[in-house]
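Student: How does the following fold in three dimensions:
(4 chains)
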There are 2 protein chains.
Amino acid sequence: MNTDKHSQNLKKEDYLSHIAFDSVIFGFNGKDLKILVLQYHNTGLFALPGGFVRRNESLDEAVSKGVVERTGIDNIYLEQFQTFGGLDRFDSKAMERILKMNGLDPKANEWLLDRFISIAYYALINFEEVNPVPDALADSIEWYSFEELPPLMMDHEEIVQKALETLRANLDRKLLGMNLLPEKFTMRELQNVYEKIMGEPFKRTAFQRKMLATNALIRHEKRFTGGAHRAPYLYSFKTMVKDRS
Amino acid sequence: MNTDKHSQNLKKEDYLSHIAFDSVIFGFNGKDLKILVLQYHNTGLFALPGGFVRRNESLDEAVSKGVVERTGIDNIYLEQFQTFGGLDRFDSKAMERILKMNGLDPKANEWLLDRFISIAYYALINFEEVNPVPDALADSIEWYSFEELPPLMMDHEEIVQKALETLRANLDRKLLGMNLLPEKFTMRELQNVYEKIMGEPFKRTAFQRKMLATNALIRHEKRFTGGAHRAPYLYSFKTMVKDRS
DNA sequence: ACAAAAGTGTTACCTCTACACCCATGA
DNA sequence: TCATGGGTGTAGAGGTAACACTTTTGT
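Tutor: Residues are numbered from 1 along each chain as shown, chains lettered A, B, ... in the order given. Predicted coordinates:
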């Protein structure tokens, strides 16, 4: 949970009360699968980037805007995967602390201390294009790989877990790999993405054939890396179709 | 969208504003796949059974309670599948009419006319056990098969569509058939469920083998129907495990 | 005996896997 | 020419699908 860039504008009447969103933003730096985590000013509290929904925008618009603001790129693959509505999922003391540390009056922003239901989305982005931007209440937003995630607020660790599960379940059904890679990539790079997401190694030759069999790749010129070996082909995905379901 | 049984209790302060749920309740009568649709008093408006979330109950609890109240049975397979948050998804005029026709003052229940985000669930139940119960605002709740669905309010047709898609996508991954059948059933009955859900016929022998290969069925005594043919075995599902993901 | 539906055996086919082999590249 | 990693050919295993055959039941 998190706020708009212009925190002074967090007026109750502009937003739908009790409704928040959280986003699990995945990026792949060529080696590791990472997610964006932000830290609130002077509190030591870590959380997923999130926000609230304005009365005059749809849920999808709100989330899209939030993710674009944090990453600096638009045209992002975004997918809603679950809504979290447990009774335990608000921590008014932590929220109060966050507001105070940002010089905001908790009394004047009482609606933020109330119970929230959060709609969770995951995003897949091309790591290279991103320049993460913290919002007004947070002083840092950084990439963390799964092995070194800091402890997250409230139920955010559960949200991350569920995001990863959903991503895994969808990986074969949809062509998700494309959203984590630059436009052109080698088969080895594609395999790396798949292995990091699934958390297990694949056989090189079987992977290659499986991918080619999907008929979704275009083969381009070779990439001469300077390595003392055969130059691999570059590939790109045929269409911008992200969902084949 | 819909209300609690005791509509006089629909006090704003008891509920989370802007948040509703809708449920697509599937049942199988041995021949057709049907869903429960309710009709509001004197309005000709059809809608999915739904409700609101009390401040002191979790989202899942609220939905579960709502579905149990309408069907009269508990221990129902329930799965959240999507949250709908479009700007178009409120129709204050229709809601006003519903309130008026039920002798409620729209002014006193103004929060119900506001914009709502709805978390949608689907439920799978054993048709035979159900005795559908309309809530206070509705005068009927009835089974409709997909071919004869009445026009539904707001985005409820989209919700039904998405529920069916999700059910189809999950059918193989999870053992969902079990929730739509009585405890013991024949292979032909199980195949009927699958065919109705997927909307396509399966080969009898292939289906039988595929099901037996899952190793999830127990074979019981035969059922002598009086038909002039070999009596089929009865089967039941091995475990109450509903999710193998 | 016969018709109807249930259950199973068999064969052909297809797919996937493993392994080997060849290819291209720069040192 | 050697080491390294990329691409493809092939044979065997395993799984799937189609079809026929057998079994069981009530008329």
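Student: C-alpha from now on. contacts and neighbour counts both.
Tutor: OK.
Student: how does chain A divide up, domain by domain?
Tutor: A:7-171, A:177-237 (automatic domain parsing).
Student: okay if I get the ones you listed as CSV plus mean neighbour count, distance to DNA strand D and mean pLDDT?
Tutor: Formatted as CSV, the domains of chain A follow (neighbours: other C-alpha atoms under 10 Å in any protein chain shown; distance: least, C-alpha to the nearest atom of the strand, whole Å; pLDDT from 0 to 100):
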stretch, mean neighbour count, distance to DNA strand D, mean pLDDT
domain A:7-171, 18, 13, 91
domain A:177-237, 15, 3, 90
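Student: Quick check: which of the ones you listed is nearest to B:Arg223?
Tutor: domain A:7-171 (39.0 Å; C-alpha to C-alpha).
Student: quick one: is the closest one near chain B?
Tutor: Yes: Domain A:7-171 reaches chain B (C-alpha under 8 Å from any C-alpha of the partner chain) through A:16-19, A:55-60, A:80-87, A:115, A:119.
Student: Could you check the angle the lengthiest strand in chain A makes with strand B:15-28?
Tutor: For chain A, the longest strand by residue count, based on DSSP state E, is strand A:15-28. If you take axes from the mean of the first three to the mean of the last three C-alpha atoms, to 10 degrees, strand A:15-28 sits at 60 degrees to strand B:15-28.
Student: For strand A:15-28, which helices and strands make contact with it?
Tutor: strand A:33-40, strand A:50-54, helix A:59-71, strand A:117-125, helix A:156-171, strand B:15-28 (3 or more C-alpha pairs under 8 Å, 6 or more residues apart in numbering or on different chains; DSSP states H and E).
Student: doesn't A:Glu128 make contact with A:Leu180?
Tutor: No: A:Leu180 is beyond contact range of A:Glu128, at 9.4 Å (criterion: C-alpha atoms under 8 Å).
Student: quick one on the thing from earlier: identify whichever of the helices and strands packed on strand A:15-28 lies nearest to B:Ile141.
Tutor: Of all the helices and strands packed on strand A:15-28, the one in closest proximity to B:Ile141, counting by C-alpha to C-alpha, is strand B:15-28 (11.3 Å).
Student: So what touches the closest one?
Tutor: Around strand B:15-28, the neighbours that count as contacts under C-alpha atoms under 8 Å, 6 or more residues apart in numbering or on different chains are A:16-19, B:1, B:33-36, B:48-55, B:63, B:67, B:111, B:114-127, B:159-160, B:163, B:180-181, B:193.
Student: How about the residues of chain A by DNA strand C?
Tutor: Contact residues, chain A versus DNA strand C (C-alpha under 7 Å from any atom of the strand): A:203, A:205-206, A:210, A:222, A:224-231.
Student: Tell me which two in those residues are the farthest apart.
Tutor: Among those, A:Lys210 and A:Gly226 lie farthest apart (C-alpha to C-alpha), at 27.6 Å.
Student: measure A:Tyr15 to B:His156 for me?
Tutor: 24 Å (C-alpha to C-alpha, to the nearest Å).
Student: now swap in A:Met187 and tell me
Tutor: Where B:His156 is concerned, A:Met187 sits at a distance of 43 Å (C-alpha to C-alpha).
Student: And A:Asn131, by the same measure?
Tutor: Taking C-alpha to C-alpha, one finds A:Asn131 at 40 Å from B:His156.
Student: What of A:Pro182?
Tutor: 39 Å.
Student: circling back: okay, the domains of chain A in JSON lines with distance to B:Phe146 next?
Tutor: As requested, those are arranged in JSON lines below (distance: least, C-alpha to C-alpha, whole Å):
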{"stretch": "domain A:7-171", "distance to B:Phe146": "26"}
{"stretch": "domain A:177-237", "distance to B:Phe146": "34"}
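Student: out of these, which comes closest to B:Glu142?
Tutor: domain A:7-171 (28.4 Å).
Student: Determine how far that closest one lies from the middle of the whole chain.
Tutor: Distance, stretch centre to chain centre, for domain A:7-171: 9 Å (C-alpha atoms, centre = their mean, to the nearest Å).
Student: cool, and stretch A:206-217?
Tutor: That offset, for stretch A:206-217, works out to 26 Å (C-alpha atoms, centre = their mean).
Student: List the contacts of it.
Tutor: A:187, A:191, A:235-239.
Student: can you do 7 Å?
Tutor: Applying C-alpha atoms under 7 Å, 6 or more residues apart in numbering or on different chains, the contact partners of stretch A:206-217 are A:187, A:235-238.
Student: and if you look at stretch A:82-92?
Tutor: A:113-120, A:154-155, B:57-59, B:82-83.
Student: For DNA strand C, state which of those is nearest.
Tutor: B:Gln82 (30.4 Å; C-alpha to the nearest atom of the strand).
Student: Parallel or antiparallel, which strands does whatever helix or strand the closest one lives in pair with?
Tutor: B:Gln82 is part of strand B:77-84, with elements assigned from DSSP states H and E. Note on strand B:77-84: by DSSP bridges, its sheet partners are strand B:117-125 (antiparallel).
Student: now the angle from the strand it pairs with to helix A:59-71?
Tutor: Going by the same axes, to 10 degrees, strand B:117-125 makes 120 degrees with helix A:59-71.
Student: Could you spell out the sheet neighbours of the helix or strand following strand B:117-125, each with its direction?
Tutor: Of the helices and strands lying after strand B:117-125 in sequence (DSSP H and E), the nearest is strand B:138-145. Here strand B:138-145 is paired, per DSSP bridges, with strand B:33-40 (antiparallel).
Student: Leaving out chain neighbours, which residue sits closest to the residue most central in space within chain A?
Tutor: Residue closest to the mean C-alpha point of chain A, counted by C-alpha atoms, centre = their mean, is A:Ile25 at 1.0 Å. Leaving out its chain neighbours, the residue that sits closest to A:Ile25 by C-alpha to C-alpha, 6 or more residues apart in numbering or on different chains is A:Ala123, at 4.6 Å.
Student: and that neighbour, what are its bridge partners?
Tutor: A:Ile25, A:Leu78.
Student: From B:Leu176, how far out is it?
Tutor: In terms of C-alpha to C-alpha, A:Ala123 sits 29 Å off from B:Leu176.
Student: now swap in A:Phe146 and tell me
Tutor: For A:Phe146 relative to B:Leu176 (C-alpha to C-alpha), the value is 33 Å.
Student: just A:Lys11 next, same as before
Tutor: Counting by C-alpha to C-alpha, the gap from A:Lys11 to B:Leu176 is 45 Å.
Student: what do you get for A:Lys12?
Tutor: 43 Å.
Student: got it, and A:Met154?
Tutor: For A:Met154, the distance to B:Leu176 - C-alpha to C-alpha - is 32 Å.
Student: just A:Gln208 next, same as before
Tutor: 34 Å.
Student: next one: A:Ala120
Tutor: 25 Å.
Student: try A:Tyr235
Tutor: For A:Tyr235, the distance to B:Leu176 - C-alpha to C-alpha - is 39 Å.
Student: Same check on A:Thr71?
Tutor: Here A:Thr71 is placed at a distance of 40 Å from B:Leu176 (C-alpha to C-alpha).
Student: What of A:Gly86?
Tutor: Distance from A:Gly86 to B:Leu176, by C-alpha to C-alpha: 25 Å.
Student: go on, A:Asn75?
Tutor: From A:Asn75 to B:Leu176 the distance is 36 Å (C-alpha to C-alpha).
Student: Repeat that for A:Gly44.
Tutor: In terms of C-alpha to C-alpha, A:Gly44 sits 44 Å off from B:Leu176.
Student: Then A:Leu45?
Tutor: In terms of C-alpha to C-alpha, A:Leu45 sits 41 Å off from B:Leu176.
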